[in-house]
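Chemist: Pasting the sequence and the predicted model now:
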Amino acid sequence: MASLGLEDKVILVTGGSRGIGAAIVNLLEDMGAKVAYTCRNPSESQNGKLAIEADVTDLAAMEAAAQKVEDKLGPVYGVVANAGTNKDNFYTKLTPEDWDAVSNVNLKGVNHTIKPLISGMYERGEGSIVCTSSISGERGNVAQTNYAATKAAIIGLVKSLSREAARYGVRANAVAPGFIDTDMTIALPDKVKDKIIAEIPFRRFGKPEDVAWAVAFLLSPVASNYVTGEVLRVNGAHHT
Ligand code: NAP
């Protein structure tokens, strides 16, 4: 039977406690991967999976998390830099703190996730890195200048990293979800939600699982072996 070839692969997912990250963790586990994930507050219901308390803004904590994964599960093949946050407001109302909070998680946090693990991937000559960008990073969005700037930066990061990492057999790609039903979008007022849905040809928000399958494809050493520096949109035709 055909498979994505992720059985027994060690994969670290950041922000795996909720939303898109939790769907990625569950799907990868179903595929037989050895999955660890980080978040700030692992809950009791997440017992049984390797959940690591680590804030992505803290490089030392992420280095310790990477070490823990390798000690417990073995050399890491896949990294999913998924943890993200938003502090939406009109540009004139955004404070310097709003800018720092979002870029510390969405941009610095991605660097802190990849950095401790990439040398080992280079040495082993294999690996796949998937970072979560966003529709907002490509088409922009009202009240999201801070968030969109970080998500556009992620695209530059994976495109550059893919060029550097290719000679070591390591790939780097991004997923760019459209609007997905998670805690991040639940707070949107109904009026705003209706307006967005009217713009989406699928006429609904996506599900976290829709993104998880795209991530699994990009992680796969079988299905996406020659795909790198790419941005895979998962947006129900909600294009620019
Ligand atoms: P979510 O439901 O709000 O979950 C966010 C996840 O990130 C949680 O697991 C959270 O963990 C973790 N996280 C946040 N700040 C963190 C930090 N400082 N350190 C460690 N973990 C942190 O969000 P989501 O919708 O699943 O979003 C996942 C990714 O997709 C994000 O990068 C987001 O920008 C992107 N995205 C989402 C949408 C959408 O419509 N939902 C669209 C495009 C892109 P704890 O809070 O438990 O620590």
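Modeler: Structure received. Numbers count the residues shown, from 1 in each chain.
Chemist: Can you classify the spatially closest residue to residue 231 that is not a sequence neighbour as helix, strand or coil?
Modeler: Once flanking residues are discounted, residue 231 sits nearest to residue 174: 4.8 Å by CB to CB, 6 or more residues apart in numbering. All C-beta spots, glycine's among them, are computed from the backbone N, C-alpha and C. For residue 174, the assignment made with DSSP: H, G, I helix; E, B strand; the rest coil gives strand.
Chemist: and residue 174, how many neighbours?
Modeler: Neighbour count of residue 174, defined by other CB atoms under 10 Å: 27.
Chemist: With just CA atoms, put the helix ranked longest in the chain into CSV.
Modeler: As assigned by DSSP state H, the longest helix anywhere in the chain is helix 145-165. Extracted as CSV, the C-alpha positions of helix 145-165 are listed here (Å, rounded to 0.1, in the frame of the first residue of the first chain):
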residue,chain,number,x,y,z
THR,A,145,-0.1,45.0,9.4
ASN,A,146,2.0,43.5,12.2
TYR,A,147,0.8,39.9,11.7
ALA,A,148,1.0,40.1,7.9
ALA,A,149,4.5,41.4,8.0
THR,A,150,5.7,38.4,10.0
LYS,A,151,3.8,36.0,7.7
ALA,A,152,5.3,37.5,4.6
ALA,A,153,8.8,37.3,6.2
ILE,A,154,8.2,33.5,6.7
ILE,A,155,8.0,33.1,2.9
GLY,A,156,11.3,34.9,2.5
LEU,A,157,12.8,32.7,5.2
VAL,A,158,11.8,29.4,3.6
LYS,A,159,12.7,30.5,0.1
SER,A,160,16.2,31.5,1.2
LEU,A,161,16.7,28.5,3.6
SER,A,162,15.6,26.1,0.8
ARG,A,163,18.4,27.3,-1.4
GLU,A,164,21.0,26.9,1.4
ALA,A,165,19.7,23.6,2.7
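Chemist: so what secondary structure elements neighbour it?
Modeler: The elements that helix 145-165 packs onto, with contact taken as 3 or more CB pairs under 8 Å, 6 or more residues apart in numbering; DSSP states H and E, are helix 96-103, helix 109-124, strand 127-132, helix 135-139, strand 170-177.
Chemist: quick one: average confidence on that helix?
Modeler: Mean pLDDT, taken over the full extent of helix 145-165, equals 98.
Chemist: Give me the angle between that helix and strand 127-132.
Modeler: Comparing the axes of helix 145-165 and strand 127-132 via axes from the mean of the first three to the mean of the last three CA atoms, to 10 degrees yields an angle of 170 degrees.
Chemist: what's the closest non-adjacent residue to residue 236?
Modeler: In space, and not counting its chain neighbours, residue 236 is closest to residue 202: 3.1 Å by CB to CB, 6+ apart.
Chemist: tell me the contacts of the one you found?
Modeler: When contacts are counted by CB atoms under 8 Å, 6 or more residues apart in numbering, residue 202 is found next to 236, 237, 238.
Chemist: What pLDDT is listed against the spatially most central residue of the chain?
Modeler: Closest residue to the average C-alpha location of the chain: residue 82 at 2.3 Å, with CA atoms, centre = their mean. Per-residue pLDDT puts residue 82 at 98.
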